[in-house]
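> Here's my sequence, what's the structure:
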Amino acid sequence: MAVKFPHQLFVPILVFFVLLPFVAKATPFRFESLQNLKQAQKGDVANGIHQVKQFLKAFGYYPHQINLLDDRFDDVLESAIKTFQEFYHLNVTGEIDHGTIKAMSTPRCGVPDINLEQTSNGHNHGMFHLVSNYTFFDGNPRWSKYGLTYNFLPDSLQVNFQVVRPVVASAFQRWAAVSPFRFQEVAQGYRADIRLGFYRGNHGDEDPFDGPQGVLAHAFSPPDGRFHYDADESWSTNPGRSQIDLESVTVHELGHNLGLGHSQYQSAIMYPSISPGTIKRDLGQDDVNGLRALYRY
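From the prediction side, this is the model:
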């Protein structure tokens, strides 16, 4: 079954859908485009370094008060790269090396990984050796009830909801199975607690999408409840090597809607990135522990 927009051809055999395209303004990185920076060292000026700074700033690693993002490899950039490398369990070199380029090039959620000043539980973000790796949004926002409603936003780009709705329902059920939460879909005209939609580019929330293979989706913490997919991605219910699994990303973004931030555990649903062709739908223990800690049940 294929789910596509009208101007695209129907493909009858593969079970996938391409939608018109989680929160960042950074240009998506391609692995090849960063190769010329592999030899860059502190003090160098190299074309493309400003993009690395934009990426690190978008995801919480580069100080927000610094507005001049030039092509100079300075002390601030080296520190930001080290923090990024530590979060992703890479060799902490402060250099734009192979592992760092690969991590930056992997499709990911648009929600920032960290607050550079401190985590939501008060620890400095340099302290990544904690036993638990789940995080929360600033102020630990959470829902005041366990019964939540959801629906699809009326201004969402049109997709084949006969395919999308059961996938979304399955993703909600995964969180319900490990928590007191219960989720119910309601009609589109109703103001639901969690509201989903497919968008591309600038779509009204000051966090524009960037096209294929960059930011996949983003979601907002309680009680906001918005959840946006990038419709330019090649979404799939059974992904091939270049496609993104819809349910895997949906489970992740719903974690943000419930109040969870990103986890350093690669096995956790709340890990920030996912490679094309990967199916990762099952909650990990870190995800479960994070939700329990946030809601204290």
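> For this protein, which segments count as helices?
For the chain, helices defined by DSSP state H occupy the ranges 49-58, 75-87, 98-105, 161-176, 246-257, 285-295.
> relative to helix 285-295, how tilted is the fourth one?
Using axes from the mean of the first three to the mean of the last three C-alpha atoms, to 10 degrees, one finds that helix 161-176 and helix 285-295 are set 70 degrees apart in direction.
> So which other helices or strands are in contact with helix 161-176?
With contacts defined as 3 or more C-beta pairs under 8 Å, 6 or more residues apart in numbering; DSSP states H and E, the secondary structure elements packing on helix 161-176 are strand 147-152, strand 182-185, helix 246-257. No exception for glycine: its C-beta is placed from N, CA and C like everyone else's.
> Quick one: closest of those to residue 136.
Comparing the helices and strands packed on helix 161-176 against residue 136 with C-beta to C-beta, the closest turns out to be helix 246-257 (10.3 Å).
> In stretch 101-108, which residues are buried?
For stretch 101-108, a neighbour-count test (16 or more other C-beta atoms under 10 Å) marks 101, 103-108 as buried.
> now do stretch 61-72
By neighbour count, and taking 16+ other C-beta under 10 Å as the criterion, the buried residues in stretch 61-72 are 61-62, 69, 71-72.
> what about it, start to end distance?
Using C-alpha to C-alpha, to the nearest Å, the end-to-end distance of stretch 61-72 comes out at 17 Å.
> and what of stretch 195-215?
Counting by C-alpha to C-alpha, you get 19 Å between the two ends of stretch 195-215.
> hang on, the earlier thing: as a markdown table, the helices and strands packed on helix 161-176 with mean neighbour count and mean pLDDT would be great.
As requested, the helices and strands packed on helix 161-176 are arranged in a markdown table below (neighbours: other C-beta atoms under 10 Å; pLDDT from 0 to 100):
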| stretch | mean neighbour count | mean pLDDT |
| --- | --- | --- |
| strand 147-152 | 18 | 98 |
| strand 182-185 | 16 | 98 |
| helix 246-257 | 26 | 99 |
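> would you list these in TSV and tack on distance to residue 282?
Formatted as TSV, the entries for the helices and strands packed on helix 161-176 read as follows, by distance: least, C-beta to C-beta, whole Å:
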stretch	distance to residue 282
strand 147-152	21
strand 182-185	18
helix 246-257	8
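> closest one to residue 240 among these?
helix 246-257 (13.0 Å).
> List of residues touching that closest one?
Outside of helix 246-257, the residues that reach it under the criterion C-beta atoms under 8 Å, 6 or more residues apart in numbering are 22, 109, 111, 137, 164, 167-168, 170-172, 174-175, 194, 216-222, 225, 227, 229, 235-237, 269-270, 274, 278-281, 283, 287, 291.
> Next, count neighbours for the residue lying closest to residue 292 once chain neighbours are set aside.
Computed as C-beta to C-beta, 6 or more residues apart in numbering, the closest residue to residue 292 that is not its neighbour in sequence is residue 179, at 7.8 Å. Burial of residue 179 is recorded as 16 neighbouring residues (other C-beta atoms under 10 Å).
> just use 55 as the starting number from now, easier for me
Got it, the first residue is 55 from now on, which makes the last one we talked about residue 233.
> for residue 233, what are its contacts?
With contacts taken as C-beta under 8 Å, 6+ apart, residue 233 has the following neighbours: 200, 342, 345-346, 349, 351.
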